[in-house]
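**Student:** need the 3D shape of this:
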Amino acid sequence: MGTLAFERVAIATGRVNTSRAVDDIIANVRRMTDPAGNPLGADPHVRQKVADLWARALVHYTISQRVISGAAAGEPPGPVASIGKLYFCPLVDDLADFRLSLGPLAGQFGLDDTAPEAVGTRRWLRLANQARGTAIAGGSTFIQRNIVAERVLGMPKG
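**Tutor:** Below you'll find the model as predicted:
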């Protein structure tokens, strides 16, 4: 249990720097155009998704700081790490999936492609694949929900 708790701390505090990932997505969107040659950033759906990811990354940063401040104060890992993990995993999924959706064929290039844009695509494909494994690391989502229900909300074991 202790090992899983500390693994959750590592996951919840930003195994992936979500703020930097959003900044990278924003930089990519600024350079990209749609098939008609219009700036991709002018698309209201793209702008809305980027704003959503940016706000969620900010919330993740705040949760991470709470987990880190507890660790710095010598507190054992608690249910806040479970909340961080529950928040982190779908955020990373969405970051990778959205960025891959901006490329041709949703980023499904061959990994041996050496074109400059493929290098970035490999990064996001790797992140998408790692996100699936991270969802079970440190305890599955169901375990995290039970921890939050019992230890934060005070619900009985069921």
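
**Student:** and the residue nearest to the spatial centre of the chain, what does it touch?
**Tutor:** The residue lying closest to the centre of the chain (C-alpha atoms, centre = their mean) is Val92, at 2.0 Å. Residues near Val92 by C-beta atoms under 8 Å, 6 or more residues apart in numbering: Val16, Thr18, Ala21, Leu127, Gln130, Ala131, Thr134. Where C-beta positions appear, they are placed from N, C-alpha and C, glycine not excepted.

**Student:** what about dumping the CA coordinates of whichever strand or helix holds it to PDB?
**Tutor:** Following DSSP states H and E, one finds Val92 within helix 79-101. Extracted in PDB, the C-alpha atoms of helix 79-101 (Å, rounded to 0.1, in the frame of the first residue of the first chain):
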ATOM      1  CA  PRO A  79      -6.000  10.900  -0.600                       C
ATOM      2  CA  VAL A  80      -5.000  14.200  -2.300                       C
ATOM      3  CA  ALA A  81      -2.500  12.100  -4.400                       C
ATOM      4  CA  SER A  82      -5.500   9.900  -5.400                       C
ATOM      5  CA  ILE A  83      -7.400  13.100  -6.500                       C
ATOM      6  CA  GLY A  84      -4.300  14.200  -8.400                       C
ATOM      7  CA  LYS A  85      -4.000  10.900 -10.200                       C
ATOM      8  CA  LEU A  86      -7.700  10.800 -11.000                       C
ATOM      9  CA  TYR A  87      -7.400  14.300 -12.500                       C
ATOM     10  CA  PHE A  88      -4.000  13.700 -14.200                       C
ATOM     11  CA  CYS A  89      -4.700  10.600 -16.200                       C
ATOM     12  CA  PRO A  90      -7.700  11.800 -18.400                       C
ATOM     13  CA  LEU A  91      -5.900  15.200 -18.800                       C
ATOM     14  CA  VAL A  92      -2.800  13.500 -20.300                       C
ATOM     15  CA  ASP A  93      -5.000  11.300 -22.500                       C
ATOM     16  CA  ASP A  94      -6.800  14.400 -23.800                       C
ATOM     17  CA  LEU A  95      -3.600  16.400 -24.300                       C
ATOM     18  CA  ALA A  96      -2.100  13.700 -26.400                       C
ATOM     19  CA  ASP A  97      -5.300  12.800 -28.300                       C
ATOM     20  CA  PHE A  98      -6.000  16.400 -29.200                       C
ATOM     21  CA  ARG A  99      -2.500  17.100 -30.400                       C
ATOM     22  CA  LEU A 100      -2.500  14.000 -32.500                       C
ATOM     23  CA  SER A 101      -5.900  14.900 -33.900                       C
END
